[in-house]
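Student: here is a sequence together with a model predicted from it:
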Amino acid sequence: MNKKTFFISVIVVFSLGTLIFFGEVFLRLRRHELLDFDNYFVKFRKTKAATCLVTFDETLGWVSESNVTERRNNYRTRVTTRDHGIRINSVQNKVDSKLPPILAVGDSFVFGDQASNEESWPSHLEAKSGTRVLNAGMCGYGMDQSYLRAKQLVDIYQPSTLIYSFTSYDIPRSRDKFIADTFADDPKPYFETENGVFELKGVPLPKPKDIHEMNLPFLHRVVGKSAFFSFLMERLAPNYWWSIKLPDRKVASTHDEPEAVSCHIVKLISEMSREKNIRTILLPQPFYELDPADGQVLEKVVACAKENSLEVLDITEALREAKSNRKAEFDTFYFSYPNSDGTVGHGHMTNAGNNFVAEQIHNYLNPKVTQN
């Protein structure tokens, strides 16, 4: 090797080393984990849990931790809770403490995943109504868990109104015995027919094991130590990087149809509402696409709700009107992200979208306001 080639090789190696070093430092600083050398996938599960402050619950599978001041998460949002894992709303909200509260249950669309405390629709509804709104939503819940969560809290908080939100994802989740996480399967309660009668099963639930890096494939175990190389693998080979299959997968469902399970849960909600004298409103929440197929799934549960004399607030038409006539505004209602195939995907609702939902609920609860 002559001197020129050697000199060029040194410059290339030094440049690459410098790029890797500063890339590693930058990403670690950006993620607030400069001296955290846990494997990327182990940290991913922890930070994913931090998004909704997930902790184990033997009845529900998982709930938000109680009384967490603030914790960093994947979206760098402010997530704070008080007693019983209730997410706080905007500290600027003024409420009448003498009025009984409104209880909101459901999945991550209620919790306000990807949004900060003051940006969830329960927070916006509280600001508009002057009535305390308890945000008991939880990421990944099926309709069964949302019902059981409401059942836990109605005696504690004695709400005047229960808003039970659900998406088309929550309906098939209701027949699952486990929720498939990225690397593990978390057990959940479920209803299953036995001798023609639905019964709650699976509780008390066993605590799931956390992932350990030694369970990972060799390359993921080694490269996963580096924030920089993990970042590259995510971008350059996402299908391979996220194709991990760990042993002991336990994904299983009941033999019952998801719509039948969901209708049984709706019946239980109706019975609880009458017993506790709570006004209950079912709120189907559609996704950005407003897919007719999703709408048909939601409509089956809506029909069950009406058969059981429950109120239903369907905001689909209001969203469809916004998408048709105010597309630029509608596009601000949902978070968007680029897919690996070049298309654009959409996630949870933004601050603007949650404010829109809260406005629909507020107008429904106060029809005189709408008329005026």
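Tutor: Great, that's in hand.
Student: for the spatially closest residue to Thr55 that is not a sequence neighbour, list the residues it contacts.
Tutor: Sequence neighbours aside, Glu65 is the residue nearest to Thr55 in space, at 4.5 Å (criterion: C-beta to C-beta, 6 or more residues apart in numbering). Every C-beta, even on glycine, is put in place using the N, C-alpha and C of the backbone. Glu65 sits next to 53-55, 81, 85 when contact means C-beta atoms under 8 Å, 6 or more residues apart in numbering.
Student: what's the distance between Glu65 and Glu329?
Tutor: Separation of Glu65 from Glu329 (C-beta to C-beta, to the nearest Å) stands at 35 Å.
Student: over to His346?
Tutor: Distance, His346 to Glu329, using C-beta to C-beta: 15 Å.
Student: repeat for His264
Tutor: His264 sits 39 Å away from Glu329, going by C-beta to C-beta.
Student: so, low pLDDT: which residues of the protein?
Tutor: 1, 31, 43-50, 72, 74, 180-185, 210-214, 243-251, 340, 368-372 (pLDDT under 70).
Student: for it, what spans make up the strands?
Tutor: Using DSSP state E, the strands found in the chain span residues 54-57, 61-64, 102-105, 133-135, 161-166, 178-180, 185-187, 190-194, 197-201, 279-284, 311-312, 334-338, 344-349.
Student: want to throw the ones you listed into CSV with mean neighbour count and distance to Asp96?
Tutor: As requested, the strands of the chain are exported to CSV (neighbours: other C-beta atoms under 10 Å; distance: least, C-beta to C-beta, whole Å):
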stretch, mean neighbour count, distance to Asp96
strand 54-57, 18, 31
strand 61-64, 24, 25
strand 102-105, 28, 12
strand 133-135, 26, 12
strand 161-166, 25, 14
strand 178-180, 17, 38
strand 185-187, 19, 39
strand 190-194, 18, 37
strand 197-201, 13, 36
strand 279-284, 22, 17
strand 311-312, 16, 23
strand 334-338, 13, 32
strand 344-349, 17, 27
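Student: and those strands as TSV, adding distance to Ser146?
Tutor: Conversion of the strands of the chain to TSV gives the following (distance: least, C-beta to C-beta, whole Å):
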stretch	distance to Ser146
strand 54-57	13
strand 61-64	12
strand 102-105	5
strand 133-135	13
strand 161-166	6
strand 178-180	13
strand 185-187	16
strand 190-194	13
strand 197-201	14
strand 279-284	11
strand 311-312	15
strand 334-338	21
strand 344-349	16
